Structure formats: structure tokens, C-alpha cells
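Engineer: Please work out how this folds:
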Amino acid sequence: MQGKILYTGANSKPVIKNLAFLYFVLLAGVSGILVFSGINWLIPIYFSLAYIMLSFAALTVTHFWRDCLNPVLFVLVLGFVRFSIPGFLSLRAEPDLLLFQMMGLDSEAWILGHALALAGLLGVVMGWLMPMQLPGRRLLGILAIFRIRSGIPYAAILGICVGFAALLVFVRSHGPILEAVGTGEMRSTEINQGTGKYFYLGLMLISSSVVFSAYLMRRRYAWWLTPLPSLLAASTFWVLGGRSRAFVPMACVALLLWYRRDELKVPMRTVFALTLVLLPVLSYVGLSYRGGEGMNAFTQIFSLSALADYVNYAVWIDWGQLHSLAGAIAIGPGVLGGQTFSYNLLWPVSQFLDLPGKSAGVLIVQTLLGESERSWGFHATLVGEAYLNFGIAGVFVVTAILGVILKVLYVGFRQGQIDGAYYSLAVIYSMRIFFESVEKFGEALVVLIFAFSVIRVGETLFDIWPYKRWGDRTLGISAGRHEGTLGKSP
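Structural biologist: This is a model prediction of the structure:
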């Protein structure tokens, strides 16, 4: 039956294989729980079994879907960079960085932090492998599909202008705009009370730019033109100092281009090579820009020695995130009692109900660095937050839920039930939640609501010009999906 994932009848053999694989992933998870129960001699077995299962999951899912940017591979590759590389390096020698010495991180904390990271990655795979059905197609058709109407680009342009103006007002309320652009210190500025609404309204810039880029792809404009609206959004958010938020619209467009690569004749090898070169460079420039160098940071692009020093630093702190998990291990499990999740997942209702909330990243800084007045924090990651709120069992439950969500999004997208603009925004923000914090949930919700609003306004109020229908009716990808195999996928 098309449109649903079924696990009966002709699909019984693939399902048995799928459940057998899930059994071994669960076995790896159980061994992880035993490791955190104090059975240290299981650590080598747990690490070996976990990496075997994660590698097999990456290969199996990628082979079945014939898609190198499926969410499972996305999570596991980023997890290897952010968790595994510093984890393996810490086995050779503890990092000689003052920050880690101040945090009091020893070899045991690094090893258990590495084990905690693997537990989170295994949880995502567990959620992906769980048998499930997609939500009703009729509901998805109402909420997650839009037809190509002539009013979409006008609504998107209006949304871009509104978002851009809101960000200008937000920056101006904290000081001169040119000074903020020139110094790059906006990120360290204390936010004035009452200006947060302009920042959230500014997120419409991200939503509208992605919708506009998706529309251009759907109308088969030249592939190099399609990222321009998102490039504008990324450049604007760069001033605020948050590199992750600035990369969101570009990451969404890159994801959409991947699925339109044949139709738009995208030179993927060239784009991939440029990405590998530009990502570390832009990451380095962004760190220098917001660290006080301002516009002078762009002159350091040509300094190979400075870039090499940054790479040595970034492996541990900027790209690597294992120190956050090691810090969570040093504090202990369940100390927050679910406050981080209850406050952020109920946003914005939690603000009106005055629910207690505590940032896990701020807790790590305040506890391990010994300064209770600090208001900034590390990116604790969803794994670290789950551990500090619910313990090791909570890590598997929370990350498995994320795995289920990613599977629903992906299968719905490949079946043409979820539009590409919604899918890209939802997946990229899911990555941010996993590798940064559940605190990004509110921002993700706002961005998706703005995307829905822009699309609906374009379909109704601005839909007054004739338009030409193209082949498929949505921006969801139906071409190339495996008809009749959706019920058999891992």
C-alpha cells in the first residue's frame, strides 16, 4: 500500500532482517548501560560493538536509499567528527588546553564521555530502525505540501524584507549598525529586555530565503542562482556572530540541490570540493570575527600558520564537542531532573507558566569552572542534556525519539508527502538540536511556522497571476524513490 510503511505479508523477510539488526544495536546499547553501571572491563567490548553497529547502519541505510545525505549518515558522520576524533586523540594523550585543566577533566571523563557519545548515536539508529507508520497522508497534504503558485516568490520576498528589517531594528537597539558590522562583537552584547521579539521576527529571513530558493529550483532556474536568497540570509545573520545559524539557510539549499542535482545539472564534485575547503576557512574567520577582530578577520584567510593553529584548536573545542560530554560525566547523571526539556519543549507556554528551567551547557560552565555568575555555556548537545536530566537510560530514549522523527521526515519527503523546504529546515534544525541543544527547539518551531505562513500567503493573497504547472505538484522528491520498497527499508 503506497504511502505507508507496512511490515506484513511480502515484506516479512526484510522486516526480520531489520529486527535482527535492531537486536544487535540494542545489545550494544545494553552493554553501554552496563559500562555506566560500573562494569569497566566491558568498555573495549562496548566500543567495538558500538562502532561495528554504527558503521553497518551507515552502510545499510545509504545502500538501500542510494542517498549519501540521508539523516542517519548525516548524524553519524558529524558525530564522528565531533565526538570520535577527539575521543581517539584523547586515548593517545590528554589535551593540553587550559580550559580542560580548569574543568578538571581526567582520562576517565574523556573515555566515558566518548562512551556517552556512542550511546547517543546508537539511540538515533534504534529510533530509525523501529517499526512505525507515517502520519495520515491527508494531514501531511494539508500541512506539508505546497503547489507552485505565482504568488510564492512575492510572499517570500516580502518575508525576506520583513525579516531583514526586524534584524536591523534588533541590532540598532543595541548600538550603531555600522559599528556592530565592523567589530563583530554583537554576539557578546547583553540583550536588552523587550528586543527579543525582533530577533524572532528576524528568523523569517531564514524561512523565506529557503522557500524562495526552493521555488527557484522548482522552476528550474540555473543552479548557481538558487542559493542567492539564502546567501543573503546567511550574510545577515553572520553579523550576529552565530555561525551555526548563519549556515542554516545555506545548508538547507545545499540539501535541496543534492536532490535536484540531475535536473539542474549541479556539478556536485566541484561543489563538494569547494565545501571541504570553505567550511574550515569560514569557521575560522567566523571565530575571529566575533572574537573582536571584526572585519580584519577576513585578512587572516591567507595566513596558513594561523589557520593551522586554529585547526589544532578546533579539533577539540570548535568542531569537537567531546569536552561537553566529558563535563556532563564529571557532574553526574540526572541532576537537572528534566528541567531543561520541560522548559524548552513547552516553549513559549513555559514562559507564561513560569516553569523552572536550567541550561545544561550553563550548568557545566558554572559547576566545573567555579563561577556561578556566568551566563554563557557550552553546547551540551542533546546527548549531554539527556544524561544530565535523565541519566544513561534517558540518553537512549531521547535520542531514539529523534531517530523516529528523522525517519518520519525522510520517508515522508521521499514519498512526496513532505515538501522539500519544510524537510530541509526540519532536518537541519534537528542536527542543530542534536549537536547543540534542545534549546533550539523553539527557534526551529518559529522557523517552520514562518515557512508555512509565507507559503500560505503566497498561495492565497498573492496568487493573482497565471502560472505554469510543472510535472510534479510539490517540491517533495518523488523521482528516483524506490517504488514498492518503502516497506522494506531499514
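Engineer: For the rest of this, base every contact and every neighbour count on C-alpha atoms.
Structural biologist: Will do.
Engineer: so how far is the strand or helix carrying residue 163 off the chain centroid?
Structural biologist: According to DSSP states H and E, residue 163 maps onto helix 152-172. From the chain centre to the centre of helix 152-172 is a distance of 23 Å (C-alpha atoms, centre = their mean, to the nearest Å).
Engineer: And it, what does it pack against?
Structural biologist: helix 177-183, helix 196-202, helix 204-218, helix 441-459 (3 or more C-alpha pairs under 8 Å, 6 or more residues apart in numbering; DSSP states H and E).
Engineer: Need the winner for burial among the ones you listed.
Structural biologist: Comparing the helices and strands packed on helix 152-172 by mean neighbour count (mean count of other C-alpha atoms under 10 Å), helix 204-218 ranks first with a mean of 28.
Engineer: Kindly calculate the angle that that one makes with helix 152-172.
Structural biologist: 150 degrees (axes from the mean of the first three to the mean of the last three C-alpha atoms, to 10 degrees).
Engineer: continuing past helix 204-218, what's the next helix or strand?
Structural biologist: Using DSSP H and E, the first helix or strand after helix 204-218 is helix 228-238.
Engineer: Is it possible to get the helices and strands packed on helix 152-172 out as JSON lines so that each row also shows distance to residue 429?
Structural biologist: Below are the helices and strands packed on helix 152-172 laid out as JSON lines (distance: least, C-alpha to C-alpha, whole Å):
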{"stretch": "helix 177-183", "distance to residue 429": "26"}
{"stretch": "helix 196-202", "distance to residue 429": "15"}
{"stretch": "helix 204-218", "distance to residue 429": "12"}
{"stretch": "helix 441-459", "distance to residue 429": "6"}
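Engineer: Make TSV from these and add mean pLDDT to it.
Structural biologist: Listed next are the helices and strands packed on helix 152-172 as TSV, based on pLDDT from 0 to 100:
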stretch	mean pLDDT
helix 177-183	67
helix 196-202	86
helix 204-218	93
helix 441-459	91
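Engineer: Among those, which comes closest to residue 346?
Structural biologist: Of all the helices and strands packed on helix 152-172, it is helix 441-459 that lies closest to residue 346, at 8.6 Å by C-alpha to C-alpha.
Engineer: Show me the shaky parts of the chain.
Structural biologist: Within the chain, the stretches with pLDDT under 70 are 1-18, 132-149, 177-192, 194, 241, 291-303, 371-375, 462-489.
Engineer: middle-most residue in it, spatially?
Structural biologist: Residue closest to the average C-alpha location in the chain (C-alpha atoms, centre = their mean): residue 431, at 1.7 Å.
Engineer: in what helix or strand does that residue lie?
Structural biologist: Applying DSSP H and E, one finds residue 431 within helix 420-435.
Engineer: now the angle from that helix to helix 441-459?
Structural biologist: Interaxial angle of helix 420-435 relative to helix 441-459 (the same axes, to 10 degrees): 170 degrees.
Engineer: Tell me which other helices or strands helix 420-435 touches.
Structural biologist: Against helix 420-435 (3+ C-alpha pairs under 8 Å, 6+ apart) you get helix 204-218, helix 243-259, helix 381-390, helix 392-414, helix 441-459.
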